[in-house]
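A.B. asks: coordinates only, no sequence provided:
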């Protein structure tokens, strides 16, 4: 400041204050002060005291609306602030001559404020668009801020560098995949959750899976892995059936009917245990005639059990037609079969 | 007089059991006064004038009392009606009319004209010539790539691992920030047939993208109720390397058919029945439940199942014709909640 002051004193001696009305006649020397270091300008001298006052009040002691204080440091929220810290040298309010680099929509601009325009707030900040090329832009900054304090020049270039770096990063990231955030409506989410619960209850998954597996077992998709006896038996019977059924079926039915008419039978209880059947098996070997009947009964029991299992199968049965239950249709079969059947159980 | 009237009313309803009976005379009088009856009660009429409902009684205790009484009576009547009906049915025996089937949402489903008729030739022809035809003709066998969205968390990673044990011939690869569109050509060049991407949000998996690779359809599902193996109660031991069977339930419409085929094409053709493992995709009301079980036939009428692997539910959000392309893809079906969720009886799968 002392340096500035000296120059000013020499100035005031050398020339009167330049009057712009005499533009035509002014010798160059009169205007040479424009090119002198700006900090030397006369107006600044008058205002330097004012600026110091501004800093003393806002910056240091009293309230500044742009200032944010943390435990260790203060920050400046002013949009034209160069560094963002709250310092005497980087406060845009307390410095009459200030410059910043700001970025708008990908374009970098150099903003400058000089004391001559302090009275015209609308025209206070001068804006220069910087070149897209980094080096050329740096040269532009240098060119515009020639004779400005080193601090401001340096900080402007630093700020510009940072800005270009983040612009490059933005451009790179937009090429990559963007994460799209899709808003969820709470109402819809709740509704879907509830519907899912209800659907789960309605699905009865375990039952459905079990049913499907049993179906597949019946359809014989598993082949020979599982040999449940009645199952194999039914299979064998069906094969037999397919062979002899079509030709003999009708005849046998007629025969059965003829036999049935007027015949008395003593029919046992429906519920016969497996143990009982084994008894019948033993009795097989004893007598001929009575055995036959009992054989029939036992085999018919087996048949009916198998039938119950299969619900609707035509199982050939040895012996006369018997109707112990309502819907069973029994057919004739070879006499040797029952022995095999008994053995398989 | 009030007492007499009240008692007749009381006995008309129910035998008075409660101690509050003594309070009744006064309260009944209050109630009746409230119903603008004159002081002289008609001796034999019911306690309350017609058009009087229990909810108009001002006293809360009294109101509650009358309501419980009324409820008990309703229940009794209902039970009596049921018994009567049952007797009638038994009396009629065979000729009894069939039991009325209760209405369920699935019964009342809105008729969908895209429900596939099993004998439909057009559908059969379509299925013979669509992208899965090569799988169903046994020309290709599946090879699956399972991956996640960026930076997966523990749950998602574990789900991927468990899924890869469930689906045979599958590989898990981590996505390190790669774009799907770049992954897909690489997968195709390495002979993968399907790509599964599990999307994650806030440390839980919430989406599944299933893409059939050589230019096959891409389905985007919302995944919910994910249970990892250790969260399943009463589960069996870890699944073995045997190829599981598949069960696809209730995929009835055209859309359902194509989704069902998509799921079927994830698994190899030849299930090893010795392994006794089954993977189920059960569709109920547009929610697809995935379960993985081990079964055992206890007899030819009884089977026991034991849940093994992970379970989750899926809801189809969109089906796209080509491989994954969110911008320029051609969508075959998109779920639009405002239009499609209006009716509770309408389902699309």
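C.D. replies: Received it, and whenever you're ready, just let me know what you need. Please read all numbers here as calculations on a predicted model, not as lab measurements. Numbers count the residues shown, from 1 in each chain, chains lettered A, B, ... in the order given.
A.B. asks: return, as residue ranges, the portions of the stretch 101-250 of chain A with sub-threshold pLDDT.
C.D. replies: Applying pLDDT under 70 to the stretch 101-250 of chain A picks out residues A:229-235, A:244-250.
A.B. asks: what parts of it come near chain B?
C.D. replies: Residues of the stretch 101-250 of chain A lying near chain B by C-beta under 8 Å from any C-beta of the partner chain: A:176-177, A:179, A:185, A:188, A:191-193, A:195-196, A:198-200, A:202-203, A:205-206, A:208-210, A:212-214, A:216-217, A:222-223, A:225-226, A:228, A:230-231. Where you see a C-beta, it was placed from the backbone N, CA and C, and this is true even at glycine.
A.B. asks: can you do 7 Å?
C.D. replies: Within the stretch 101-250 of chain A, the residues that sit near chain B (C-beta under 7 Å from any C-beta of the partner chain) are A:177, A:188, A:192, A:195-196, A:199-200, A:202-203, A:205-206, A:208-210, A:212-214, A:217, A:222, A:225-226, A:228, A:230-231.
A.B. asks: now those: which count as buried?
C.D. replies: A:192, A:195-196, A:199-200, A:203, A:205, A:208-210, A:212-214, A:217, A:222, A:230-231 (16 or more other C-beta atoms under 10 Å in any protein chain shown).
A.B. asks: start to end distance for stretch A:69-83?
C.D. replies: The straight-line separation of the ends of stretch A:69-83 (C-alpha to C-alpha, to the nearest Å) is 15 Å.
A.B. asks: now stretch B:294-303
C.D. replies: 10 Å.
A.B. asks: which residue ranges form the helices in chain A?
C.D. replies: According to DSSP state H, chain A carries its helices in the segments A:2-14, A:28-31, A:42-54, A:134-144, A:150-175, A:186-203, A:205-218, A:229-260, A:274-284, A:289-310, A:337-344.
A.B. asks: could you do chain B as well?
C.D. replies: Using DSSP H, helices in chain B cover B:2-13, B:24-34, B:60-92, B:121-129, B:133-136, B:154-166, B:180-189, B:254-264, B:337-340.
A.B. asks: of these, which is nearest chain A?
C.D. replies: Chain A sits nearest to helix B:337-340 of all those, at 5.6 Å, using C-beta to the nearest C-beta.
A.B. asks: quick one: buried residues of that closest one?
C.D. replies: For helix B:337-340, the neighbour count (16+ other C-beta under 10 Å) marks no residue as buried.
A.B. asks: stretch A:180-196 now?
C.D. replies: A:192, A:195, A:196.
A.B. asks: which of the residues you listed sits closest to residue B:326?
C.D. replies: residue A:192 (21.7 Å; C-beta to C-beta).
A.B. asks: for that closest one, which non-adjacent residue is closest in space?
C.D. replies: residue B:315 (7.0 Å; C-beta to C-beta, 6 or more residues apart in numbering or on different chains).
A.B. asks: do the same with residue B:207
C.D. replies: With C-beta to C-beta, 6+ apart as the criterion, residue B:207 has its nearest non-adjacent residue at 3.4 Å, and that residue is residue B:199.
A.B. asks: OK, contacts around the one you found?
C.D. replies: Applying C-beta atoms under 7 Å, 6 or more residues apart in numbering or on different chains, we find residue B:199 in contact with B:149, B:205, B:206, B:207, B:209.
A.B. asks: tell me the most packed of those, by neighbour count.
C.D. replies: Neighbour counts for those were taken using other C-beta atoms under 10 Å in any protein chain shown; the highest belongs to residue B:205, which has 24 neighbours.
A.B. asks: how close does that residue sit to residue B:311?
C.D. replies: 13 Å (C-beta to C-beta, to the nearest Å).
A.B. asks: per-residue pLDDT of the spatially most central residue of chain B, please?
C.D. replies: Nearest residue to the geometric centre of chain B (C-alpha atoms, centre = their mean): residue B:284, 5.0 Å. You'll see residue B:284 listed with a pLDDT of 94.
A.B. asks: near chain A, which residues of chain B show up?
C.D. replies: B:104-106, B:179, B:224-225, B:247, B:249, B:273, B:278, B:280, B:282, B:284-285, B:287, B:289, B:291, B:293, B:295, B:297, B:299-301, B:303, B:305, B:313, B:315, B:337.
A.B. asks: among those, which are in strands?
C.D. replies: Counting by DSSP state E, the part of the residues of chain B next to chain A found in strands is B:224-225, B:247, B:249, B:278, B:280, B:282, B:284, B:287, B:289, B:291, B:293, B:295, B:297, B:303, B:305, B:313, B:315.
A.B. asks: and residue B:289, what does it touch?
C.D. replies: A:200, A:203, A:205, B:282, B:313.
A.B. asks: for residue B:322, find the nearest of the helices of chain B.
C.D. replies: Once the helices of chain B are compared by C-beta to C-beta, helix B:180-189 is nearest, at 9.9 Å.
A.B. asks: got a list of contacts for that closest one?
C.D. replies: B:145, B:195, B:197, B:213, B:214, B:323, B:324.
A.B. asks: can I get the buried part of these as one PyMOL selection?
C.D. replies: One line in PyMOL is enough to select the buried ones among the contacts of helix B:180-189; burial here means 16+ other C-beta under 10 Å:
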select buried, chain B and resi 145+195+197+213+323+324
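A.B. asks: of all the contacts of helix B:180-189, which two lie farthest apart?
C.D. replies: For these, and using C-beta to C-beta, no pair is farther apart than B:197 and B:214, which are 17.0 Å apart.
A.B. asks: one step back: as CSV, the buried residues of stretch A:180-196 with distance to residue B:319 would be great.
C.D. replies: Below are those laid out as CSV (distance: C-beta to C-beta, whole Å):
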residue, distance to residue B:319
A:192, 18
A:195, 20
A:196, 20
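A.B. asks: still on that earlier bit, for the helices of chain B, state which one has the densest average packing.
C.D. replies: helix B:254-264 (a mean of 21; mean count of other C-beta atoms under 10 Å in any protein chain shown).
A.B. asks: so which elements touch that one?
C.D. replies: Helix B:254-264 sits against strand B:245-249, with contacts defined as 3 or more C-beta pairs under 7 Å, 6 or more residues apart in numbering or on different chains; DSSP states H and E.
A.B. asks: can you list contacts of the strand it packs on?
C.D. replies: Outside strand B:245-249, the residues that touch it by C-beta under 7 Å, 6+ apart are A:208-209, A:212, B:260, B:263-264, B:267, B:271, B:278-283.
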